[in-house]
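Q: Whatever this is, show me its structure:
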Amino acid sequence: MYCLICGAFSFSHICKKCKKEFLKPSLYKRVIENDFEVYSFYKYSAVKNLILTKHKFVGYFIYRILAQESFRKFGKEFKFINKTYSFACDDHAKNGYSHTAILNKYLKSTYITPVHSALRAKNKINYSGKSLQFRQNNPRNFTYKYHSNIDAIIIDDIITTGSTIKEAKKILEENGVNVLFALTLADARE
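A: This is a model prediction of the structure:
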């Protein structure tokens, strides 16, 4: 097979050289609503073509590579006084897999326990390319099914307007969860 970034022959969808040169994560911080922090590993423009693979089967392999390069490394370095749980925004499987569940899975570490199928959207509308007004008029309507009185991290693939993360935070807090911050693969703000 060939590397999706440079086109060189590779045993992986992305070669070792490109992983090292192009997928070295940085930590970008965005503050939304009431000083809530959202951290991202990449600028959207730098990984846009890789992120858009989520709509195809190859996205499963690409998201695993991206998660290994970013979320796994973050999880290993993260330390906190309490056990922390991570919840992916709507990890319902589409195209045979859930891209947010993959990201969440790779956070597993001494201090972080990923929880699956606990934060689900009742509204399955696609937000891709939609305006803030559209997103506000069509909320995700999240449901939460897990414990209260815990510390948590919200996981999503992209932050654009922040509306999905705000809505997820709200439902978690309404259910007695202390949300520490959100973690995304990419920040679409340029």
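
Q: how many other residues sit next to the closest residue to Y127 other than its chain neighbours?
A: Once flanking residues are discounted, Y127 sits nearest to R135: 5.6 Å by Cβ to Cβ, 6 or more residues apart in numbering. Heads up, the C-betas are built off the backbone N, CA and C, glycines and all. R135 has 19 neighbouring residues, counting by other Cβ atoms under 10 Å.

Q: now the one 5 residues further on
A: For R140, the number of neighbouring residues by other Cβ under 10 Å comes to 21.

Q: List the contacts of it.
A: C89, D90, A121, K122, N123, T164, E167, A168 (Cβ atoms under 8 Å, 6 or more residues apart in numbering).

Q: picking that back up, which strands or helices does the host helix or strand of the residue nearest to Y127 pack on?
A: R135 belongs to helix 132-137 when elements are defined using DSSP states H and E. Judged by 3 or more Cβ pairs under 8 Å, 6 or more residues apart in numbering; DSSP states H and E, the packing partners of helix 132-137 are helix 163-174.

Q: Measure how far the helix it packs on is from the centre of its chain, please.
A: Distance, stretch centre to chain centre, for helix 163-174: 14 Å (Cα atoms, centre = their mean, to the nearest Å).

Q: please renumber so the chain begins at 43
A: Done: numbering now begins at 43, and the last item shifts to helix 205-216.

Q: Can you list the low-confidence ranges for this protein?
A: Scanning the chain for pLDDT under 70 picks out 137, 232.

Q: for the residue nearest to Y169, what are its contacts?
A: Y169, T203, S205, T206.

Q: what does K66 give?
A: Applying Cβ under 8 Å, 6+ apart to K66 gives the contacts E111.
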